[in-house]
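Enquirer: the sequence isn't on hand, but the structure is:
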């Protein structure tokens, strides 16, 4: 009898050991999006949109939880700017929609600074999840300007989330809004913060939500260093994963770690891994929901599956790539009044153009653009200028031939920049153009100019003519410019304190609308 009891006891203890080992294995499903840019509503083809996104996320979350997984939903930031219906309502439907969907945290993106900071304060208040950035510092207090991290308890897991923002924000956001802020090196902010979090909270998983961009093998070019540089700059095992944004791409690599050129919607995707840190990004606009499944055993985290799930994307034939995702009824009804309100403000043609004007990133950041000519014509006329300039990054969309409505104009000009001017003496103008005319292609700062003929020779501007007349170094010339570039945006020299500078109360969109109304139909060949 004693032997039987001993055998039973040994069997019971062995079973307990097996149960304990099983309990030590936990699973985490990470869902993520980034670069929403005002796409709370589906597009004209019925693609993406927050209502369908909620249906998909609810499904993925429920499936994961039924399997015993903890689930976290994260965003890589840039909720603002891109669609007029959202822009006119300072992204209220987008932030409130994200709250209804159930996001747990997001990174603060550079476009969160497109409006006065009072708007960002409102957006934070609308959100039932934290907006995070650890590397934005108030110059006066030398303290973080925004919440730096959050610790989330999900099922059996404690998940720490740290936020980071591209340091390029310092030059691409409106200096009038961010002049009191410093954007410090992300790794400098991250390492001590994560060390503190691990000591204080002992989290099971540490995630960085970032808005910095993924640049393969850290080749970031003219952009600020991004997620790859961050991962390589930290001590190994500092971060388990980076959920990113900003470069607006699906991060997929092949078996050799090279960019997977074969990826398209519906195909397999595997994320990048650098210095032990997984790096993920889900393209843009809510076109995909990223889904990563991790197995967690003690301190070891293993990525066991990953996919970018398309949200009602269509192929070239106009068919859904996967089964159509039905729109969540309650969220659809919540967002509908916002869409209707925005559409009412934008309805009706204001004029017309007779040909397509290309405002694509691949053109306006590389060469002179007819659309820029139209924009500068409108701005020079509004302020009585002899010529005008605008940075290529300030043009955000193309304009199709035919009728033009206010939505089209606001899509080109979403930032509400004021039209300004400055009166230059000849020598000062040469000095200024020597700087702005030297910004390289493939940069938001790339100079678009009109009604002036000049070139850069040995790093110095040589001006031939202005407004059709030979340049006179002793004359005074008026230049139109927007308030963003005048305040130092895109790295332009600051003009706002210079003698002869004047801001107006008219926005770039208002001025372009008035010009198109006045001169329609516009022949693009005469620009």
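Expert: Done, it's in. In this text, all values refer to a predicted model and were calculated from it rather than measured experimentally.

Enquirer: and the helices in the stretch 251-400 of the chain?
Expert: Ranges of helices within the stretch 251-400 of the chain are 329-346, 361-364, 370-383, based on DSSP state H, counting those that start in this stretch.

Enquirer: out of those helices, which comes closest to residue 469?
Expert: Distance to residue 469, taken as Cβ to Cβ, is lowest for helix 370-383 among the helices of the stretch 251-400 of the chain, at 14.3 Å. Using the backbone N, CA and C atoms, a C-beta is placed for each residue, glycine as well.

Enquirer: what sits up against that closest one?
Expert: 353, 357-359, 364, 385-390, 392, 395, 398-399, 412-413, 419-421, 448-451, 478, 480-482, 502, 504, 506, 508, 511-512, 514-516, 522, 524, 527 (Cβ atoms under 8 Å, 6 or more residues apart in numbering).

Enquirer: 6 Å - rerun?
Expert: Helix 370-383 is contacted from outside by 357, 359, 388, 390, 419, 421, 448, 450, 480, 511-512, 515, 524, 527, using Cβ atoms under 6 Å, 6 or more residues apart in numbering.

Enquirer: sorry, back to before: please identify the most buried of the helices of the stretch 251-400 of the chain.
Expert: For those, average neighbour numbers computed from mean count of other Cβ atoms under 10 Å are highest in helix 370-383, which has a mean of 23.

Enquirer: next one: it to chain centre, how far?
Expert: 27 Å (Cα atoms, centre = their mean, to the nearest Å).

Enquirer: give me the mean pLDDT for that helix.
Expert: What helix 370-383 shows for mean pLDDT is 97.

Enquirer: next one: stretch 501-516
Expert: For stretch 501-516, the per-residue pLDDT averages 93.

Enquirer: quick check: end-to-end length of it?
Expert: With Cα to Cα, to the nearest Å as the measure, stretch 501-516 spans 26 Å from end to end.

Enquirer: out of the helices of the stretch 251-400 of the chain, which is closest to residue 301?
Expert: Among these, the nearest to residue 301 by Cβ to Cβ is helix 329-346 (32.3 Å).

Enquirer: ok, which stretches of the stretch 301-450 of the chain are strands?
Expert: With DSSP state E, counting those that start in this stretch as the criterion, the stretch 301-450 of the chain has strands at 349-353, 387-391, 402-405, 418-425, 447-450.

Enquirer: actually the stretch 1-150 of the chain, not the one I wrote
Expert: Along the stretch 1-150 of the chain, counting by DSSP E, counting those that start in this stretch, strands occupy 25-33, 70-75, 105-107, 131-132, 136-138, 149-154.

Enquirer: packing partners of the longest one?
Expert: Pointing back at strand 25-33 there. Here strand 25-33 touches strand 70-75, strand 288-297, going by 3 or more Cβ pairs under 6 Å, 6 or more residues apart in numbering; DSSP states H and E.

Enquirer: ok so, going back, and of the contacts of helix 370-383, the nearest to residue 98?
Expert: Distances from residue 98 to the contacts of helix 370-383, taken by Cβ to Cβ, are shortest for residue 359, at 28.3 Å.
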